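K.L.:
Sequence plus the predicted model coming up.
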Amino acid sequence: MTLPAQLIRFVLVGAVNTGTYYGCYLLLLHVLPYLAAHALAFALSMTGSFFLTSYVTYRTRPTWRKFLLFPLTNAANFAITTGGVYLLVDLAGFSSRYAPLVAAAAAIPITFVISRTIMLRPDNPPRKRPEPVA
């Protein structure tokens with residue numbers, strides 16, 4: 001699959017994941033402060049995102065190794081979106097309802113690069129054979 005095709009699929013999967021996240025966020029916003037709602041909604045949507053990214057974006061087999069590394073993909077996303085939500089709500093006066101959507105757009109390119117690196121890396125890279133001693 002070509003890089004542009006992967007990027008398009010990544011954006012489509014991201015849109016589904018963002019919708020899942022945002023729905024959870026809006027529900028949780030009724031009972032939690034906005035940053036807590038953001039963190040919990042983000043955590044809930046991560047597992048679904050892993051499987052969609054694996055099967056749809058990169059067409060790879062999900063493995064425990066990739067699953068355990070996948071949160072690294074989301075760590076950058078989480079930092080960018082959390083910082084963005086805070087800056088937009090507390091400093092720029094945006095509505096806490098819409099700030100996560102704006103912040104999520106800023107995270108797309110960085111998350112794609114990290115995701116691609118993790119998901120396409122072989123689980124068992126070939127080992128180098130020792131050079132024969134002459």
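P.N.:
Arrived safely. Numbers count the residues shown, from 1 in each chain.
K.L.:
what's the distance between the residue nearest the centre of the chain and residue 93?
P.N.:
Nearest residue to the geometric centre of the chain (C-alpha atoms, centre = their mean): residue 74, 4.0 Å. Per C-beta to C-beta, to the nearest Å, residue 74 is found 27 Å from residue 93. In this view, the C-beta of every residue, glycine as well, is placed from N, C-alpha and C.
K.L.:
before we move on, what about residue 12?
P.N.:
32 Å.
K.L.:
Pick out whichever of those two has more residues nearby.
P.N.:
Neighbour totals were compared for residue 12 and residue 93, and residue 12 leads with 13 against 8 (other C-beta atoms under 10 Å).
K.L.:
residues contacting the more buried one?
P.N.:
The contact partners of residue 12, taken as C-beta atoms under 8 Å, 6 or more residues apart in numbering, are residue 56.
K.L.:
and it, how far is that from residue 45?
P.N.:
Distance of residue 12 to residue 45, given as C-beta to C-beta: 15 Å.
K.L.:
contact partners of stretch 62-70?
P.N.:
Counting by C-beta under 8 Å, 6+ apart, 46, 49-51, 53-55, 60, 115, 118-119, 123 sit against stretch 62-70.
K.L.:
give me that answer again for 7 Å
P.N.:
For stretch 62-70, the external contacting residues (C-beta atoms under 7 Å, 6 or more residues apart in numbering) are 50-51, 54, 118-119, 123.
K.L.:
from the chain's centre, how far out does it sit?
P.N.:
The chain centroid and the centroid of stretch 62-70 are separated by 13 Å, computed with C-alpha atoms, centre = their mean, to the nearest Å.
K.L.:
That stretch: which residues count as buried?
P.N.:
66, 69-70 (16 or more other C-beta atoms under 10 Å).
K.L.:
now the helices: where do they sit in this structure?
P.N.:
With helices called from DSSP state H, the chain shows them at 3-28, 34-52, 64-86, 99-120.
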